[in-house]
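Asker: What would the 3D arrangement of this be:
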Amino acid sequence: MSINSDSVSQPYQKYFKLATGKDVLQELRTSGFRTQELIHGIAESKAGFRYEPDKWTIGEVFEHLLDTERVFAYRALLFARGETVISYSFDQDMFAKNANSSGRSLSKMADELMRLRSSALDLFGSFSPAALQRQGTLNGVEMTAEIMGFCIVGHEAHHRRILEERYLK
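Answerer: Numbers count the residues shown, from 1 in each chain. Alright, predicted model coming up:
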């Protein structure tokens with residue numbers, strides 16, 4: 001199914017626009033490969049690098065991708081199973097602070113990202129077309145399970161671009 005980006009509400013539209021909105025499973029596969037290529041191209045010695053003092057380290061960015069994918073996939077599961085309202089969000093800065101990314105290698109995070117993406121592919125592949133289109137409200141924003149999948153892809157693309165432009169120049 002193809003989704004028009006105009007049908008996606010703010011604040012998720014910025015992530016959705018980084019995906020094509022055509023085939024959520026294919027986009028999850030492609031995005032996962034791109035992120036694997038990126039993380040495997042970064043030296044372990046760079047994991048603690050920040051491009052500015054108050055910004056996350058490279059390791060914290062990858063940990064954030066792990067956390068956010070879990071959260072977005074769980075939200076998609078809730079909508080697909082019929083939950084109609086999700087009224088809580090997560091504090092990404094608190095998650096980053098408590099994630100222990102400095103105690104983990106990039107290669108371990110890469111392995112975890114690959115397993116997590118495989119799990120997301122299984123999850124989204126298990127949804128019927130009707131389940132993908134089940135709507136709910138996330139913090140006052142209309143959403144479907146499928147749109148949450150595209151948001152995983154767009155969120156990941158957003159952070160890959162930041163890594164490439166600001167951390168890895």
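Asker: what about stretch 128-145, average pLDDT?
Answerer: Predicted confidence along stretch 128-145 averages 93 (mean pLDDT).
Asker: From the rest of the structure, what touches it?
Answerer: Residues outside stretch 128-145 that contact it (CB atoms under 8 Å, 6 or more residues apart in numbering) are 1, 9-12, 24, 75-89, 124, 127, 146, 149. No exception for glycine: its C-beta is placed from N, CA and C like everyone else's.
Asker: Which PyMOL command selects the buried ones in those?
Answerer: Taking 16 or more other CB atoms under 10 Å as the burial criterion, the selection of buried members of the contacts of stretch 128-145 in PyMOL is written as:
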select buried, resi 12+24+75+76+77+78+79+80+86+124+127+146+149
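Asker: low pLDDT regions in the chain?
Answerer: Residues of the chain that meet the criterion pLDDT under 70 lie in 1-10.
Asker: residues in contact with the residue nearest the centre of the chain?
Answerer: With the centre of the chain defined as its mean C-alpha position, the nearest residue by CA atoms, centre = their mean is residue 152, 3.4 Å away. The contact partners of residue 152, by CB under 8 Å, 6+ apart, come to 28, 31, 68, 69, 72, 73, 120.
Asker: Between the two ends of stretch 73-87, how far is it?
Answerer: The straight-line separation of the ends of stretch 73-87 (CA to CA, to the nearest Å) is 16 Å.
Asker: next SSE after the strand or helix carrying residue 73?
Answerer: Taking DSSP states H and E as the definition, one finds residue 73 inside helix 58-80. Helices and strands here follow DSSP H and E; after helix 58-80, the next one along the chain is strand 85-86.
Asker: Please name the strands paired to that following strand in the sheet, noting orientation.
Answerer: Using DSSP bridges, the neighbouring strands of strand 85-86 in the sheet come out as strand 135-138 (parallel).
Asker: can you give me how far the next helix or strand after the partner strand is from the chain middle?
Answerer: Stepping forward along the backbone from strand 135-138, the first helix or strand reached (DSSP H and E) is strand 141-144. Its chain's C-alpha centre and that of strand 141-144 lie 16 Å apart, by CA atoms, centre = their mean, to the nearest Å.
Asker: Can you give me the buried ones in strand 141-144?
Answerer: Buried residues in strand 141-144, counted by 16+ other CB under 10 Å: 143, 144.
Asker: Report the backbone C-alpha coordinates of it in PDB.
Answerer: Extracted as PDB, the C-alpha positions of strand 141-144 are listed here (Å, rounded to 0.1, in the frame of the first residue of the first chain):
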ATOM      1  CA  VAL A 141      -2.000  12.600  16.700                       C
ATOM      2  CA  GLU A 142      -3.900  10.200  14.400                       C
ATOM      3  CA  MET A 143      -1.700   7.200  13.400                       C
ATOM      4  CA  THR A 144      -1.800   3.700  12.000                       C
END
